[in-house]
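[1] Quick check, what structure comes out for this input:
(one chain, ligands or ions: 1)
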Amino acid sequence: MKLRFTKMQGAGNDFVVIDATRERFAPTPALLQRLTDRRFGVGCDQVLVIEAASTPDVDFDYRIFNADGSEVGQCGNGSRAFALYVAENGLSDKPRLRVRTSTSVIELQRIGDNRVRVDMGAPRWVPEQIPLKLAQAERYRIDIPAFGSVEFGAVSMGNPHAVIVVDDVDGAPVEVLGRALQASPEFPQSVNVGFLQVLGRDAGRLRVYERGAGETLACGTGACAAAVVGRLWGLFDGAVTLKARGGDLRLEWAGGADDSVFMTGPAETVFTGEIEWQK
Ligand SMILES: N[C@H](CCC[C@H](N)C(=O)O)C(=O)O
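    I've put the predicted structure just below:
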């Protein structure tokens with residue numbers, strides 16, 4: 001049977017997007033592998049699945065699968081692609097969309113041909129909500145062989161993030177230290193590891209070694225987490241532009257525990273295609 005998909009990207013974080021209702025899509029491990037593998041399949045960091053709303057308070061449900069097939073609770077760059085897909089395919093003409101993932105409800109608003117502003121909800125830093133098996137702190141430390149005591153901030157945006165402040169992201173040991181933190185027992189569901197270089201009170205550079213995908217060219221929830229940790233550590237003011245390798249993201253957070261983080265950035269459709277698939 002044929003499976004139609006749309007290849008999209010947001011700041012270089014790339015996606016295969018599927019309208020589950022139209023395609024009667026059921027995510028099996030083998031099919032996810034076919035969609036994510038960059039050699040033997042289509043290739044992407046995440047597969048985004050658009051489903052009919054499961055409750056009347058939202059417009060759609062939103063499922064996210066990493067390149068390794070793991071299903072997760074949030075994808076910030078993906079949410080912008082989601083909004084563009086819905087508009088381009090006539091799934092809704094509402095200017096604002098409420099969308100539910102397995103861990104969050106977010107609100108998407110297109111603000112230009114290929115720019116979307118997302119209410120990503122409030123950050124969660126209670127360790128049990130991240131999850132992180134350490135006593136709650138503003139600054140955490142874990143001893144990592146070959147790196148010694150590693151200091152980081154930790155927050156959930158519906159998925160777990162650790163943020164390490166570095167002097168130079170280009171020289172940061174992104175993969176080795178990212179993998180080591182992901183393997184730490186303190187992160188029982190692994191973690192997305194951000195490396196943040198502060199450029200000023202309203203600017204920084206960010207690289208993220210993502211759970212289930214490795215280093216991506218940008219990570220939307222990682223940018224939200226870095227903006228929150230940067231503000232909690234007194235490094236940033238209310239709004240910050242974070243430069244990822246694939247593009248820039250704009251983050252705004254008023255700083256209150258219940259205040260949403262707003263993320264604004266690009267989204268683009270790259271191509272549409274279909275694969276032949278045996279159920
Ligand atoms: N790797 C993440 C999911 C994708 C997040 C990222 N692509 C974004 O834009 O937020 C996780 O396992 O929680």
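
[2] separation between the most centrally placed residue in the chain and the ligand?
    In the chain, the residue lying closest to the centroid (CA atoms, centre = their mean) is residue 75, at 3.3 Å. Between residue 75 and the ligand the distance is 4 Å, computed by CB to the nearest ligand atom, to the nearest Å. Heads up, the C-betas are built off the backbone N, CA and C, glycines and all.

[3] So for stretch 55-66, mean pLDDT?
    The average pLDDT within stretch 55-66 is 98.

[4] List the buried residues for it?
    58-66 (16 or more other CB atoms under 10 Å).

[5] Get me the contact residues on the stretch 101-250 of the chain for the ligand.
    By the rule CB under 6 Å from any ligand atom, the part of the stretch 101-250 of the chain lying against the ligand is 159, 192, 210-213, 216, 219-221.

[6] Tell me which residues touch residue 232, please.
    If you count contacts by CB atoms under 8 Å, 6 or more residues apart in numbering, residue 232 has them with 125, 138, 153.

[7] Which among those count as buried?
    By neighbour count, with 16+ other CB under 10 Å, the contacts of residue 232 hold 125, 153 as buried.

[8] which ones among the contacts of residue 232 are found in strands?
    Using DSSP state E, the members of these that fall within strands are residue 153.

[9] Tell me the one among the contacts of residue 232 nearest to residue 38.
    The closest of these to residue 38 turns out to be residue 153 (CB to CB; 31.6 Å).

[10] Apart from its neighbours in sequence, what residue is nearest that closest one?
    Once flanking residues are discounted, residue 153 sits nearest to residue 229: 3.2 Å by CB to CB, 6 or more residues apart in numbering.

[11] continuing past the helix or strand harbouring that neighbour, what's the next helix or strand?
    Taking DSSP states H and E as the definition, residue 229 sits inside helix 220-232. Proceeding C-terminally, helix 220-232 gives way to strand 239-244 as the next helix or strand, assigned by DSSP H and E.

[12] just checking, what packs against that following strand?
    With contacts defined as 3 or more CB pairs under 8 Å, 6 or more residues apart in numbering; DSSP states H and E, the packing partners of strand 239-244 are strand 203-210, helix 220-232, strand 247-253.

[13] looking at the ones you listed, which is buried most?
    Comparing the helices and strands packed on strand 239-244 by mean neighbour count (mean count of other CB atoms under 10 Å), helix 220-232 ranks first with a mean of 28.

[14] So for it, mean pLDDT?
    Rounded mean pLDDT across helix 220-232 is 98.

[15] tell me the angle that helix makes with strand 203-210.
    Inter-element angle recorded for helix 220-232 and strand 203-210: 130 degrees (by axes from the mean of the first three to the mean of the last three CA atoms, to 10 degrees).

[16] tell me the angle helix 220-232 makes with strand 239-244.
    Using the same axes, to 10 degrees: helix 220-232 against strand 239-244 is 130 degrees.

[17] And residue 125, how far from residue 223?
    To residue 223, residue 125 is 16 Å away according to CB to CB, to the nearest Å.

[18] Likewise for residue 103?
    From residue 103 to residue 223 the distance is 18 Å (CB to CB).

[19] Residue 231 too?
    On the measure of CB to CB, residue 231 and residue 223 end up 13 Å apart.

[20] The residue nearest to residue 227 when sequence neighbours are not counted bridge partners, please.
    Nearest non-adjacent residue to residue 227, counting by CB to CB, 6+ apart: residue 251, 3.7 Å away. With DSSP bridges as the criterion, residue 251 is bridged to residue 240, residue 263.

[21] ok, residue 251 touching residue 265?
    No - using CB atoms under 8 Å, residue 251 makes no contact with residue 265, being 9.2 Å away.
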